[in-house]
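> build me a model from this:
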Amino acid sequence: MTPAELFFDLVFVYAITQVTALMAAAPAPSRVLGAMVVLALLWWCWCCFAWLGNVVRADAGALFGVLVTVMTVVFVVSLAVPELFTDTTGGLPLPLVFVSCYGLVRVLHLVSYRISSPGDTALHRTLRRTALLSVAPPLALLLVGCAYEGTPRLLLWLGAVAVDYGGIYVTGSSGWRVNSPGHFAERHGLIVIIALGESIVAMGVGVADFPLTVAVIGACAAGLLLSGGLWALYFRRFGDPAEHRLGALDGDERTRFARDVYTFLHLPLVAGVVLCALGMKKVLTQVADTGHYGLAEPLHGTVAWSLTGGVGVFLLGAAAIVLRSSGRRPTALLAGGAAALAAGPLVERVPALVALALLAAAVLALVVVHGRAVTGRPEAADS
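This is a model prediction of the structure:
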């Protein structure tokens, strides 16, 4: 990984933080869905240049200039995120700014790929299909959505994401390449760390301007253990086997595996952490704000579900990665993910601090259980 790529990723640290802020401003199911739509669009911006950086050095020539330009554009996009679904007065129309910048990133990606491989006719055909099927139609839907507010905009943008992601399957894998499996996996591992870092930042924001107490320290410790458990699952249980499988393939099979496991199935990992960060932030706020909440106060509504539901999304994404990498069914991950998704009502019945501590303990136990299931098989590295 080059320093230029690390520099490029910095702007996405802020972008992910802004997605959490979008949900935290008015936590409701529609707002959470809208935030996930925005995250999916931002994820596509990042993935485009993760693929490009695997075939062309990002710290030399014109590509570095393109990266800096994209960083600027994505930063502008990030500034618009918290108010994409609310009425604002004054300034530029933020939804239109967001969509215009998103479209510019997608165009810059296609043009950069075309310039970097002037003699690759298979890639050029794929780029044309991508522009016609996976860029132009979704961009049109996004632009139409800017003319509406509330639910119509959300539905149009959700449709744009569906068309965009589905278009990648239609265009096929011919022409796309993963020259360095290790580099490609490392890039995606870093973005998982960035998402986990956002969960830690969210806890810090949650206790800002409140006094430090024993309960706050305990909640922070529980939150860090939870983030550490998710980190251990990825980097100690299923991340390495996926990388090994990627390296063992070649040609279009490698491209399809990279598309499925890294471009598509890493999105639930990032989304799950962002959702969980919303719940962690609210837990820390309630524990710290003793003037408005008692220690026995549980989480309520959407944030109660997001705490465990985010972990559930992460675990089901991890299970899908294991299944795609090895063909084996990861029972512990599937059961844990389903239980976490269904645990929202339980979270509303126990103190917020207790819920966070129990969730952290459950994730750490899952790390051990899944690890034992892996080491107990003949081909441990594959699952």
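> next SSE downstream of the helix or strand of the chain with the lowest mean pLDDT?
Across the helices and strands of the chain, mean confidence by mean pLDDT, DSSP states H and E is lowest for helix 121-130: a mean of 86. Using DSSP states H and E, the helix or strand that follows helix 121-130 in sequence is helix 136-145.
> which strands or helices does that next one pack on?
helix 94-116, helix 151-171 (3 or more CB pairs under 8 Å, 6 or more residues apart in numbering; DSSP states H and E). Every C-beta, even on glycine, is put in place using the N, C-alpha and C of the backbone.
> show me the contact partners of the shortest one.
By that I understand helix 151-171. Helix 151-171 is contacted by residues 30, 33-34, 37, 40-41, 44, 85, 95, 126, 129-130, 133-135, 137-139, 141-142, 144-146, 148, 259, 263-264 when judged by CB atoms under 8 Å, 6 or more residues apart in numbering.
> which among these end up buried?
33-34, 37, 40-41, 44, 85, 95, 126, 129-130, 133-135, 137-139, 141-142, 144-146, 259, 263-264 (16 or more other CB atoms under 10 Å).
> nearest residue to the middle of the protein?
Note on the chain: the residue nearest the mean C-alpha position is residue 270, at 2.7 Å, using CA atoms, centre = their mean.
> looking at it, that residue is touching residue 190, isn't it?
No: Residue 270 is beyond contact range of residue 190, at 11.4 Å (criterion: CB atoms under 8 Å).
> low-confidence stretches in the stretch 151-300 of the chain?
Low-confidence segments of the stretch 151-300 of the chain, defined by pLDDT under 70: 172-173.
> excluding covalently adjacent residues, which one is nearest to the residue nearest to the centre of the chain?
Nearest residue to residue 270 in three dimensions, chain neighbours excluded: residue 195, at 4.5 Å (CB to CB, 6 or more residues apart in numbering).
> buried sites along the helix or strand containing the one you found?
Take DSSP H and E as the rule and residue 195 turns out to sit in helix 181-206. Buried positions in helix 181-206, judged by neighbour count with 16+ other CB under 10 Å: 181, 184-185, 187-192, 194-199, 201-203, 205-206.
> so which other helices or strands are in contact with the helix or strand where residue 227 lies?
Taking DSSP H and E as the criterion, residue 227 maps to helix 214-233. The elements that helix 214-233 packs onto, with contact taken as 3+ CB pairs under 8 Å, 6+ apart, are helix 181-206, helix 266-288, helix 301-326, helix 352-375.
> show residues contacting that helix.
192-193, 196, 199-200, 203, 207, 210, 273, 276, 280, 283-284, 287-288, 295, 311, 314-315, 318, 353, 356-357, 359-361, 363-364, 366-367, 370.
> can I get that helix in CSV, CA atoms only?
Once non-C-alpha atoms are left out, helix 214-233 reads as follows in CSV (Å, rounded to 0.1, in the frame of the first residue of the first chain):
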residue,chain,number,x,y,z
VAL,A,214,-16.6,5.3,36.9
ALA,A,215,-19.7,4.3,34.8
VAL,A,216,-18.4,6.2,31.8
ILE,A,217,-15.0,4.5,32.1
GLY,A,218,-16.8,1.1,32.3
ALA,A,219,-18.9,1.9,29.2
CYS,A,220,-15.8,3.0,27.3
ALA,A,221,-14.1,-0.3,28.2
ALA,A,222,-17.1,-2.3,27.1
GLY,A,223,-17.3,-0.4,23.8
LEU,A,224,-13.6,-1.0,23.1
LEU,A,225,-13.9,-4.7,23.9
LEU,A,226,-16.8,-4.8,21.4
SER,A,227,-14.8,-3.1,18.7
GLY,A,228,-11.8,-5.3,19.5
GLY,A,229,-14.0,-8.4,19.2
LEU,A,230,-15.1,-7.4,15.7
TRP,A,231,-11.5,-6.6,14.8
ALA,A,232,-10.5,-10.1,16.0
LEU,A,233,-13.2,-11.8,14.0
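> mind giving me the packing neighbours of the very next helix or strand once past that helix?
Sequence-wise, the next helix or strand downstream of helix 214-233 (DSSP H and E) is helix 239-248. With contacts defined as 3+ CB pairs under 8 Å, 6+ apart, helix 239-248 has these neighbours: helix 181-206, helix 251-257, helix 301-326.
> make JSON lines out of these and add distance to residue 343.
Listed next are the helices and strands packed on helix 239-248 as JSON lines, based on distance: least, CB to CB, whole Å:
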{"stretch": "helix 181-206", "distance to residue 343": "18"}
{"stretch": "helix 251-257", "distance to residue 343": "32"}
{"stretch": "helix 301-326", "distance to residue 343": "4"}
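> residue 342: which of those helices is closest?
Ranking the helices and strands packed on helix 239-248 by proximity to residue 342 (CB to CB) places helix 301-326 first, at 7.8 Å.
> what pLDDT, on average, does stretch 363-372 get?
Stretch 363-372 shows a mean pLDDT of 89.
> list of residues touching that stretch?
225-226, 228-230, 232-233, 236-237, 311, 315, 330, 332-333, 336.
> can we see that at 6 Å?
The contact list for stretch 363-372, computed with CB atoms under 6 Å, 6 or more residues apart in numbering, reads 226, 229, 232, 233, 237, 332, 336.
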